[in-house]
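Asker: Sequence first, then the predicted structure, then my questions.
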Amino acid sequence: MPGFPRALFSETEIKATTWYSRKLGVPNVPTIEQVKNHSERIDNIAGITTHTVDGKMGNTYAWNDWREILGHEWCNPLVRKHIKTYAEDTGGLFMDGAWHGEKWRFHADPNLAAPMARGSDGKDYFVEELAMANTWEESPRHAYALVQAR
């Protein structure tokens, strides 16, 4: 069922689940048609568009727009807190995530990588926006910023 991306059930599995629920005496078990309609409503509100392309050899390929997927991930508070938006310098100790690395820190367009940082005071600071730092200390596992004088 496409409306439930983290809990994919086939129609056969839904039939088995509803049958078993009824046997256990669960009240108000939805019909398969109700589950499908609910799934369609969720898909219309929060689903992503799947695009198809026919290849020259007659194969059909399907793809989803990663911008839509990322938009949904950012809107989901359960997922958003796990998204790393800033590069992290581990001092060469380890490298186990996409956010670790010199290329991302120094060569990615900052307007695309992470256009805003929120300070501990709740203020938002944007890339290429003038700001004045009172103190500037670096330590492991804290946010880093590249400062460029013009």
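Answerer: Happy to help now that I have it.
Asker: Please count neighbours and contacts with C-alpha atoms only from this point.
Answerer: Fine.
Asker: so how far is the first residue of stretch 24-39 from its last?
Answerer: Taking C-alpha to C-alpha, to the nearest Å, stretch 24-39 runs 24 Å from one end to the other.
Asker: buried stuff in that stretch?
Answerer: Neighbour counts over stretch 24-39 (16 or more other C-alpha atoms under 10 Å) mark 35-36, 39 as buried.
Asker: Distance from that stretch to the middle of the chain?
Answerer: Stretch 24-39 has its C-alpha centroid displaced from the chain centroid by 29 Å (C-alpha atoms, centre = their mean, to the nearest Å).
Asker: Average pLDDT for it, rounded please.
Answerer: Stretch 24-39 shows a mean pLDDT of 88.
Asker: what do you get for stretch 54-73?
Answerer: 86.
Asker: any residues touching that stretch, and which ones?
Answerer: When contacts are defined by C-alpha atoms under 8 Å, 6 or more residues apart in numbering, stretch 54-73 is touched by residues 46, 48-53, 79-80.
Asker: Quick check on those: which are buried?
Answerer: Applying 16+ other C-alpha under 10 Å to these flags residue 48 as buried.
Asker: Find the centremost residue of the protein, please.
Answerer: Closest residue to the average C-alpha location of the chain: residue 73 at 2.8 Å, with C-alpha atoms, centre = their mean.
Asker: can you pull out the strands in the chain?
Answerer: Listed in chain order, the strands of the chain (DSSP state E) span residues 50-54, 60-64, 116-118, 124-126.
Asker: Dump these to CSV, plus distance to residue 86.
Answerer: Output for those, formatted as CSV (distance: least, C-alpha to C-alpha, whole Å):
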stretch, distance to residue 86
strand 50-54, 29
strand 60-64, 25
strand 116-118, 9
strand 124-126, 13
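Asker: Which one of these lies nearest to residue 17?
Answerer: strand 50-54 (27.5 Å; C-alpha to C-alpha).
Asker: and the closest one with strand 60-64, angle?
Answerer: Here the directions of strand 50-54 and strand 60-64 differ by 150 degrees (axes from the mean of the first three to the mean of the last three C-alpha atoms, to 10 degrees).
Asker: Walk me through which strands strand 50-54 pairs with, and which way each runs.
Answerer: Counting by DSSP bridges, the strands paired with strand 50-54 are strand 60-64 (antiparallel).
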